[in-house]
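In: below are the sequence and a predicted model for it; my questions follow.
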Amino acid sequence: MPELPDVEMIRRYVQATALHQPIRGVEVLAPTMLEGITPSRLGRRLKGQSIEAAERYGKYVFVGLSNGWWLVFHFGMTGDLRYFKDLSHHPSYEPFLIHFSSGSHLVYVSRRKLGMIALIEEPLAFVKWKRLGPDAWESEFTATHLRQWCEGKLRSLKSALLDQHFIAGIGNLYADEILFQAHLHPQAHVGQLRTGTLENVQKTIKRVMKIAIDRRADPAHMPRSWLLPVRGPGGHCPACRHTLSRATISGRTTYFCSTCQRKTT
DNA sequence: ACATTGACCTGAGAGC
DNA sequence: TGCTCTCAGGTCAATG
């Protein structure tokens, strides 16, 4: 679930639920998910503080604390943040919990321990350290950036879209959606696409991100013309009704319409 | 430079 | 019902 639109929902959720409450303590039930800090040290840094901000970059959420430190969350394939007034409806998988003095809780839930939790001093320095490309939804991601990055490269468009060093926030599902809407084959070579085509790709990325966020990142509520609602075995192209093709590209399962999506233009 | 593979984790669903 | 196998939205490192 957690690609850019989903992570944006998580950010807004934190902002709407968990701000300005003193932290009584934290609980780390999956210490291996902490990066660069021990559970006890993390507890000391957070105790008595409050959450004052929630930012996002790519697939990361940065939770700003009253002492200036930032908690960083990456959600892997299954992670989410949930806010509970009390823990009577105990979440099942909870690597990390923040307990507020009010009695409520902000809980990182995840079935698989593929995510990451860290404590950092400066989000932008973290982004630089991770060498993340521009956020797919922010204005820094321009057609010029796309063109410069693709120039002379042999790699496939699908792998480029998934590369967080190139552009941050797109995952496997939305990469397929973007390719579908741009009418481009996932194995199109980025270096062979014309300037006008690349500009269209950039516009498509922006449009897909915007609409996905407007519709709260819920695949069931995406437009009928989109791939997402039918993406899966036996799905049919919303445009031409052909059965969708399935292939492994860049190591990831890819669904596309072999009629509507072209390798060149 | 790029694609591919496996590792990291664990649940869900299919097939037997 | 229960077992085994395969797959899943992410990232990273090693290999060819």
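Out: Received the coordinates, thanks. Owing to the predicted nature of the structure, the values given are computational and were not obtained by experimental measurement.

In: ranges for the strands of the stretch 151-265 of chain A?
Out: For the stretch 151-265 of chain A, strands defined by DSSP state E, counting those that start in this stretch occupy the ranges A:245-249, A:252-256.

In: run through the neighbouring helices and strands of the last one.
Out: Where contact means 3 or more C-beta pairs under 8 Å, 6 or more residues apart in numbering; DSSP states H and E, strand A:252-256 is packed against helix A:157-162, helix A:172-181, strand A:245-249. Every residue, glycine included, has its C-beta placed from N, CA and C.

In: what do you get for the first one?
Out: Here strand A:245-249 touches strand A:252-256, going by 3+ C-beta pairs under 8 Å, 6+ apart.

In: list the buried ones in the strand it packs on?
Out: The neighbour-count check on strand A:252-256 (16 or more other C-beta atoms under 10 Å) flags A:R252, A:T254, A:Y255, A:F256 as buried.

In: one more: stretch A:184-204?
Out: Within stretch A:184-204, judged by 16+ other C-beta under 10 Å, the buried ones are A:184-190, A:193, A:197-202, A:204.

In: off-centre distance for that stretch?
Out: Distance, stretch centre to chain centre, for stretch A:184-204: 22 Å (C-alpha atoms, centre = their mean, to the nearest Å).

In: and it, what's its mean pLDDT?
Out: The average pLDDT within stretch A:184-204 is 95.

In: contacts for it next, please.
Out: Residues outside stretch A:184-204 that contact it (C-beta atoms under 8 Å, 6 or more residues apart in numbering): A:141-143, A:146-147, A:149-158, A:160, A:175-176, A:178-179, A:181-182, A:247, A:249, A:254, A:256, A:258, A:261-265.

In: put the buried members of those into a ChimeraX selection.
Out: Buried residues within these, by 16+ other C-beta under 10 Å, are selected in ChimeraX with:
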select /A:141,143,146,147,149,150,156,157,158,160,175,176,178,179,181,182,249,254,256,261
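
In: quick one: name the residues of the stretch 151-265 of chain A near DNA strand C.
Out: Contact residues, the stretch 151-265 of chain A versus DNA strand C (C-beta under 7 Å from any atom of the strand): A:L162, A:Q164, A:G171, A:N172, A:L173, A:P219, A:G251, A:R252, A:T253.

In: apply 10 Å and report the result again.
Out: Residues of the stretch 151-265 of chain A lying close to DNA strand C (C-beta under 10 Å from any atom of the strand) are A:161-165, A:168-176, A:217-219, A:228, A:231-233, A:246, A:248, A:250-255.

In: so A:I213 makes contact with A:P5?
Out: Yes. Using C-beta atoms under 8 Å, A:I213 makes contact with A:P5 at a distance of 4.9 Å.
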